[in-house]
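Participant: here are the coordinates; sequence isn't available:
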């Protein structure tokens, strides 16, 4: 049973088509990355999953059926538009929002205080929310997302206002939640965070799904037929099977594009035969960042 | 606990606990108390309980009856009347401040109708009427007691016409005051509650909390809770004011016992309630819709004023409504949903309204209330996540949430 099933959803706002036939599944217990550039339709997609918007066509299943009021207590949502009641004190604000997720007063009081201590917000709990810094408010919002111990956590740009220390803390929390068997959907365009955390991902651009699969599948798909080679020796120009040699950031690292009919194994043999001292030899897989830019610029050109 | 109830409680307590609310709550009664207090102080300082002297040359008061003026406040000493034989005696009493003034009824009073008053300072005009009452009482003294009392108090005229106009006791002030006050209080309550509601919906947008809310409970639950919670705040304010009002009226009754004969009609109350409830919901729903479509509290409040305008319209045409409660304009005002809450009770108090008009008014109000709720619901779903973008009426009617 998948936690979320998105089947061919489309959505337009007036003349603007925001989502077009997007499909993906989120499996229980994984961290799923929902990626895309600004304005790709990520947030709209999340809002449709959460039944805030209705799709024009297509269907959503969440915990194996359509959304219901009872299921809202099983979901923790950190919206992109961060929002807390600014005019009341932090503790009251968190207690109120927790009670709306079905927590009793005593239970929410205990859990909120645990989280406030953990997030170093304990001494600020009697302050009005508007007196807190942006980072503190974001941490407070994260408490609201997690306090009712949801089975499904949906977070939109979780690291946007955080410093490196807090970023690390949030990452730890996300890993910890995964270890507890929670399903996490993370919406972001910070690719290195995705590489660190996500098990599977979908990449949306201009309302269409461009890439979908596990992190490794996606990487492999975009891996060219190339080698990263580090050597202090000179690489001869006429090595067999080589299409192109590019010098990378320093003088000793090269990217070697191979002919389609030459395997990496053959090329290694060629290097050994040519008596070249090898410091490093690896298949050149592109970073997610590179894949992202490649996909987005390619599809962008298609539209223009 | 039910989530709707949690939101109602939160919305209600949020306002009620604020200093601003408590100040607003107490300001009106305090203001009224202040006015009443100043009034009392004025009476206390103006009142002079020194006796009044008089010289009666015709002998109207030869069989003098016991009569003392009624003091304006219970604890004060009533004014006594002292008869003097001649003017010099009275003048010396005035000089010694034994009397505050003396009246001279001359021999030719019946023809000239003149009574001379001598005083160190011009006396209060009520003193003159007190003296004349005293004279009348003495003259009527020989008639049977109840007859003389009736003649002194005057009569109440009940008007019964052959036209549809309702029979009205002419001097029943409350017949006019009650619907007038009811309408006034209604407008106050609507404005206060609607103001809170509007603020609360816009705040949700300004704080960007809408997404958190609608992923915790349904938009319908949220809107219902907001409407009920904020209307309750307005009602609390109203009830407190009404309680003070009743205390004030009770005090009024003590001062003017004549008013006590007024009866409050049960069917009138029922009609008022039937008109007020849907009107209340209608205006509240419109405010909620307005809050959902605009982006800033200030802007929303400016537009909100437009809703108040038609509600107070009947007050501008008060003359027509009271003078001709069955004229076409009066009928229109009592049918049109925005003016009905003020116009309908007023007409009902002054005239018998055909059943079809009452039914039509109430039906129209309920219809408008339902339409307003429907629009509010759509505006809420469509507008809640539009930050910094306005929603037009066309969007509300045509777009899919």
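Facilitator: Perfect, I can see it now. Predicted, not measured: the structure shown is a model, and the values here were computed from it.
Participant: any regions of the chain where pLDDT drops low?
Facilitator: Since no chain was named, I'll use chain A. Scanning chain A for pLDDT under 70 picks out A:250, A:300-304.
Participant: wait, chain B
Facilitator: Low-confidence segments of chain B (pLDDT under 70): B:1, B:63-75, B:158-175, B:249, B:252-266, B:384-391, B:393, B:396-401.
Participant: identify the residue of it closest to chain A, quick one.
Facilitator: The nearest approach of chain B to chain A comes at residue B:208, 3.1 Å away (CB to the nearest CB). From N, CA and C alone the C-beta is placed, and that goes for glycine too.
Participant: just give me the neighbour total for the nearest residue to that residue once chain neighbours are set aside.
Facilitator: Closest residue to residue B:208 apart from its sequence neighbours, by CB to CB, 6 or more residues apart in numbering or on different chains: residue A:83 at 3.1 Å. Using other CB atoms under 10 Å in any protein chain shown, residue A:83 has 21 neighbouring residues.
Participant: try residue B:24
Facilitator: With other CB under 10 Å as criterion, residue B:24 counts 13.
Participant: does residue A:31 touch residue A:188 like I think?
Facilitator: No: using CB atoms under 8 Å, residue A:31 makes no contact with residue A:188, being 11.0 Å away.
Participant: tell me which residue is most central in chain A.
Facilitator: For chain A, residue A:33 is the residue whose C-alpha lies nearest the centre (CA atoms, centre = their mean; 3.4 Å).
Participant: where along the chain do the strands fall?
Facilitator: This is for chain A. Counting by DSSP state E, the segments of chain A that form strands are A:4-13, A:16-26, A:31-35, A:57-62, A:75-78, A:152-156, A:183-188, A:200-205, A:208-214, A:226-230, A:242-247, A:253-258, A:280-283.
Participant: wrong one, I was asking about chain B
Facilitator: B:52-56, B:81-83, B:101-105, B:115-119, B:158-159, B:168-169.
Participant: rebuild those as JSON lines, extending it with mean neighbour count and distance to chain A.
Facilitator: Converted to JSON lines, the strands of chain B look like this (neighbours: other CB atoms under 10 Å in any protein chain shown; distance: least, CB to the nearest CB, whole Å):
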{"stretch": "strand B:52-56", "mean neighbour count": "21", "distance to chain A": "65"}
{"stretch": "strand B:81-83", "mean neighbour count": "16", "distance to chain A": "67"}
{"stretch": "strand B:101-105", "mean neighbour count": "22", "distance to chain A": "64"}
{"stretch": "strand B:115-119", "mean neighbour count": "15", "distance to chain A": "64"}
{"stretch": "strand B:158-159", "mean neighbour count": "10", "distance to chain A": "57"}
{"stretch": "strand B:168-169", "mean neighbour count": "16", "distance to chain A": "52"}
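Participant: can you give me the neighbour number for residue A:75?
Facilitator: Other residues lying near residue A:75 total 23 when counted by other CB under 10 Å.
Participant: with adjacent residues omitted, what lies nearest to residue 225?
Facilitator: If you meant another chain, say so; for now it's chain A. Computed as CB to CB, 6+ apart, the closest residue to residue A:225 that is not its neighbour in sequence is residue A:258, at 4.9 Å.
Participant: you looked at the wrong chain, it should be chain B
Facilitator: In space, not counting the residues next to it along the chain, residue B:225 is nearest to residue B:7; the distance is 3.5 Å by CB to CB, 6+ apart.
Participant: spell out which parts of chain A neighbour chain B.
Facilitator: Within reach of chain B by CB under 8 Å from any CB of the partner chain, chain A has these residues: A:14, A:47, A:50, A:52-54, A:56, A:69, A:72, A:75, A:77, A:79, A:81-88, A:96-97, A:99-102, A:144.
Participant: select only the buried ones of these in PyMOL?
Facilitator: To isolate the buried subset of the residues of chain A next to chain B in PyMOL, counting by 16 or more other CB atoms under 10 Å in any protein chain shown, use the following:
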select buried, chain A and resi 47+50+52+53+56+72+75+77+79+82+83+84+85+86+88+96+97+99+100+101+102+144
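Participant: can you tell me which of the residues of chain A next to chain B are in helices?
Facilitator: Within the residues of chain A next to chain B, residues falling in helices by DSSP state H are A:47, A:96, A:97, A:99, A:144.
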